[in-house]
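> based on what follows, work out the 3D shape:
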Amino acid sequence: MRSFLKPSINWLLVFVPVAIVLRIWPQFGNETALFICSCFAVIPLAGWMGRATEELAEHLGHGVGGLLNATFGNAAELIIALMALSKGLTGVVKASITGSIIGNVLLVFGVSILAGGIKFREQRFNKTAARTSTTTLTLAAIALAIPTVFHVTAAGHPGGWSQATEHKLSLAIAVVLFVTYACLLGFELVTHKQLYAGDPQDDGEDRKEAHGWSVSKSLFVLIGATFLVALMSEFLVGAVEAARATLGLTEVFVGVIVIAVIGNAAEHSTAIVMAMKNKMALSLGIAVGSSLQIALFVAPGVLVFFSYLFGRPMDLEFTLPEVVAVIVAVHLLFQINGDGETNWLEGVQLLSVYLILGILFFYLPERSGENAG
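Coordinates of the predicted model:
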């Protein structure tokens, strides 16, 4: 009884039936309420997906398990993005990509450093592994900035820019990023996996804390949670336009802040908990790993390729504020990772930058139709 009354992210599961009722019987509410309820419902469901994936990974071994975690790590956000893409909300999808990167680097890692730093004076991690991941993220940031640079440069020449050319450029970059992601997985899971191996004592403690689900239970939970996430995502995307109008939010703000946060909320909480247990290497791995997955796999390998199947080709051209935000976030991460240790002030610094960028995106006017798709 005491564990039931203990505050838990699972309490948000109550929003699942509420969202279904609001969708089936619109007279009980409005689309803005449906949007809000769907957002809250996705958070615990994403947590269950992550938990089921981790349990399966335990049964399948390090190599296959690591690949499974890498593939399903951002499943909830990917489903939301695919739903939005199928509805033609390309601007929201692209904004959620940049939002995920800056959210993981600045918000998640910032809160983790602050929470861990309050409890421990200094926290250390493997500098070599952190530098490798951050360098790869820098490469991804450069790649995501190139289409915008191309647009700005080519648009200054008569006949120098066209939508078709930009789609070809983005597709070529997407292929390069996808191959880079495959190489990164090989580096982390095969050739240099010792750099990413955790403390054996910590692994033992984690196994004691785990309940030890069977393979069948893990698959059942994963399939059930995935179905419900897809359902909630369909509700969320269907109500996003009405919610934007009612709440006075721009397309970019919804993608960069709202969808990016709710899609990774469960994973965010795990990173913070790990930092408070003085497992900063694991916390950093979650934050940076999630950003890498978005930048190298989800954005190019799934969303760009799937956009052609939907008949709405998506390019990788982002607004100038989005490009600047990603580059600034990655640069700060590179600076903090340089010495292999963190303290609470560095967490405050990361959070300050995230709040400043959030204020920017809140007041940023809606982008024109030319750049929205």
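
> need the pLDDT of E58.
Reported pLDDT at E58 in the predicted model: 77.

> so which bits of whichever helix or strand it is part of are buried?
Assessed by DSSP states H and E, E58 sits inside helix 31-60. Burial within helix 31-60, assessed by neighbour count using 16 or more other Cβ atoms under 10 Å, is assigned to 31-58. For glycine as for every other residue, the C-beta is placed from the backbone atoms N, C-alpha and C.

> for that helix, packing partners?
helix 15-24, helix 62-72, helix 75-86, helix 215-247, helix 260-263, helix 265-276 (3 or more Cβ pairs under 8 Å, 6 or more residues apart in numbering; DSSP states H and E).

> tell me which of those helices lies nearest to F253.
helix 215-247 (8.6 Å; Cβ to Cβ).

> quick check: next helix or strand after that closest one?
Next element after helix 215-247 (DSSP H and E): helix 251-253.

> quick check: which ranges of the stretch 201-350 of the chain have low pLDDT?
Across the stretch 201-350 of the chain, the ranges flagged by pLDDT under 70 are 201-211, 266-267.

> the closest residue to Q163 other than its chain neighbours and V326: what is the separation?
Distance criterion Cβ to Cβ, 6 or more residues apart in numbering; nearest residue to Q163, sequence neighbours excluded, is D315 at 7.7 Å. From D315 across to V326, the span is 16 Å (Cβ to Cβ, to the nearest Å).

> got it, and V288?
For V288, the distance to V326 (Cβ to Cβ) stands at 13 Å.

> one more: I97?
According to Cβ to Cβ, I97 and V326 sit 9 Å apart.

> mutual contacts of those two, please.
144, 318 (Cβ atoms under 8 Å, 6 or more residues apart in numbering).

> chain center to the helix or strand hosting A141: distance?
For A141, the host element (DSSP H and E) is helix 127-154. With Cα atoms, centre = their mean, to the nearest Å as the basis, helix 127-154 stands 17 Å off its chain's centre.

> over to stretch 313-325?
16 Å.

> in it, what counts as buried?
313-319, 321-325.

> ok, now stretch 180-192?
Neighbour-count burial for stretch 180-192 flags 180-181, 184-185, 187-189 (criterion: 16+ other Cβ under 10 Å).

> tell me which of the residues you listed fall in helices.
180-181, 184-185 (DSSP state H).

> could I get those residues in CSV, plus columns for distance to L364?
Below are these laid out as CSV (distance: Cβ to Cβ, whole Å):
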residue, distance to L364
T180, 30
Y181, 30
L184, 32
L185, 35
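
> closest to A129 out of those?
Nearest to A129 among these, counting by Cβ to Cβ, is L184 at 11.8 Å.

> spit out the contact partners of the nearest residue to R244 once chain neighbours are set aside.
Using Cβ to Cβ, 6+ apart and skipping the chain neighbours, the partner closest in space to R244 is V254 (5.9 Å). Neighbour list for V254: 92, 95, 240, 243-244 [criterion: Cβ under 8 Å, 6+ apart].

> hmm, 7 Å instead?
For V254, the contact set (Cβ atoms under 7 Å, 6 or more residues apart in numbering) comprises 92, 240, 244.

> same thing with L333?
Taking Cβ under 7 Å, 6+ apart as the test, what L333 contacts is 105, 134.

> isn't there a strand covering it?
No: the assignment for L333, made by DSSP: H, G, I helix; E, B strand; the rest coil, is helix rather than a strand.

> how far away is it from H268?
Distance of L333 to H268, computed by Cβ to Cβ: 16 Å.

> can you get me a residue count around P158?
P158 has 6 neighbouring residues, counting by other Cβ atoms under 10 Å.
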